Structure formats: C-alpha cells, structure tokens
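In: The sequence and its predicted three-dimensional model are supplied below.
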Amino acid sequence: MKDISKFTCKLLSSNDFYVITDYERLHLCNKEECLQSSYGSIDRCLSSGCSIGYFMDQMLVGYTLANYTDFTVGYIEKSFVLPSFRGYQIQMNSTEQVLKLLADHGVKDVYTMVSPCNAVSISNLEKLGFKFLRKIMVNGVDRNIMFYSDATDRR
Ligand SMILES: CC(C)(COP(=O)(O)OP(=O)(O)OC[C@H]1O[C@@H](n2cnc3c(N)ncnc32)[C@H](O)[C@@H]1OP(=O)(O)O)[C@@H](O)C(=O)NCCC(=O)NCCS
C-alpha cells in the first residue's frame, strides 16, 4: 500500500498559479480524458480558499481545485496528479479535504464534471459520494456531470 503520509498537504494560493498552468499545458493534452482549465477558472479556485495541493520536498505533485458561489453552490474544477505520483490516492484525499473546506464556507451542494472514459476519476468520485446527474457536451466532448449533496456532513 502506497503511503500518502510522505507528502505535505497545503491550501493552495495564487503563488501556485504558474506551476499549475505549466502542468495543465504539459500533461493535459488528451481532452477525451480531461480538459485543461482556463486561466480564469484556475485563478478563481486559487482565490477561493478551497483548493488543496500535495507537495513532495516543496514540489507540487497533485491538487484539487474548487470554488463556490454566493448561493452556496460548490464546483470542483479539477483533480490532477503528476504521472509518477499516481496511485497514492491524492485525488481522493485532496477532494475529501476540499469538501470539508467548502462545507466550512457554507456550501451544501457540489458539482463536478468528468469524462465518461475516466474510470479512475469516476470511481474515486463515487467512493466520495458523488452521483451521476446527467451528460453534457463541453467543447465538443462528452462529459458526465456529477453531484454531491450536503457537503456539510464533512465538517
Ligand atoms: C484522475 C487522477 C487525478 C487520479 O490520480 P490518483 O489520485 O493518483 O489516483 P489513485 O491513487 O486513486 O489511483 C488508483 C489506481 O489507478 C491508477 N491510476 C491513477 N491514475 C491513472 C491513469 N490516469 N491511468 C491509469 N491508471 C491510473 C493508480 O496507479 C492506482 O493503481 P494501483 O492501485 O495499482 O496503484 C490522475 O489519474 C490524473 O491526474 N489524471 C489526469 C487528470 C484527470 O483525469 N483528472 C480528473 C478529471 S478532471
């Protein structure tokens, strides 16, 4: 069993913007698997106080980005883990912490989007309690909208 405790977990901030945009550009080239996030979305998530990163020796190795609206609706924009650090359940752990942070901000309902081909991500989201809501097309590719109700349970 791979041990996640060797990583340091931190709240992300605007200081992490450039490393994240580099990772997105270098690693997210297959839009059937996962779309790149816009600079605006990354910026909003880093300012929200609800985005979490995992670090190894000061290097960001994985993250979950999220934000929320004034209407207490949360949105998980993205989970990403550098290929050589996959398998430590960084998506599950960072998303779980993000759900707690969203709950601390009064968020009850959380949405996210995932490719129907992304079996690892769908399985992780289902384990966390997300349910399939409906299919949509985004930038010409299929996506599943998934919904998590009552994030306040995680306080
Ligand atoms: C989805 C993602 C964040 C999951 O990373 P993770 O938290 O390290 O994944 P897990 O620890 O849950 O991995 C579970 C298993 O799947 C494997 N795995 C993880 N990601 C994989 C991938 N993209 N392809 C194939 N296998 C993968 C792991 O090695 C592990 O196998 P093991 O149990 O034999 O060690 C990561 O694959 C990723 O960054 N993908 C690209 C971006 C993406 O698709 N994001 C989600 C939608 S926005």
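Out: In hand now; what should we look at?
In: ok, the lengthiest helix in the chain near the ligand or not?
Out: When secondary structure is assigned using DSSP state H, the longest helix within the chain turns out to be helix 90-104. Yes - for a cut-off given as CB under 6 Å from any ligand atom, helix 90-104 has contacts with the ligand, namely 90-92. The way it works is simple: take the backbone N, C-alpha and C, and place the C-beta from them, glycine included.
In: where does that helix sit relative to the chain's centre, distance-wise?
Out: In terms of CA atoms, centre = their mean, to the nearest Å, the centre of helix 90-104 is set 9 Å apart from its chain centre.
In: Quick one: list the elements packing against the following helix or strand past it.
Out: The first helix or strand that comes after helix 90-104 along the chain, using DSSP states H and E, is strand 109-114. Based on contacts counted as 3 or more CB pairs under 8 Å, 6 or more residues apart in numbering; DSSP states H and E, the elements that strand 109-114 packs against are strand 73-81, helix 119-128, strand 131-138, strand 141-149.
In: got CSV for the ones you listed, with distance to the ligand and mean pLDDT too?
Out: What follows is the helices and strands packed on strand 109-114, written out as CSV (distance: least, CB to the nearest ligand atom, whole Å; pLDDT from 0 to 100):
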stretch, distance to the ligand, mean pLDDT
strand 73-81, 4, 97
helix 119-128, 4, 97
strand 131-138, 11, 96
strand 141-149, 9, 95
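In: what's the most buried one of these?
Out: With neighbours defined by mean count of other CB atoms under 10 Å, none of the helices and strands packed on strand 109-114 is more surrounded on average than strand 73-81, at a mean of 22.
In: Which neighbours in the sheet does it have, and how are they oriented?
Out: For strand 73-81, the pairing partners within the sheet under DSSP bridges are strand 59-68 (antiparallel), strand 109-114 (parallel).
In: Which member of the residues of helix 90-104 next to the ligand is positioned nearest the ligand?
Out: For these, the residue nearest the ligand by CB to the nearest ligand atom is Q91; the value is 3.2 Å.
In: could you dump the helices and strands packed on strand 109-114 to a markdown table with distance to D16?
Out: Listed next are the helices and strands packed on strand 109-114 as a markdown table, based on distance: least, CB to CB, whole Å:
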| stretch | distance to D16 |
| --- | --- |
| strand 73-81 | 12 |
| helix 119-128 | 21 |
| strand 131-138 | 24 |
| strand 141-149 | 24 |
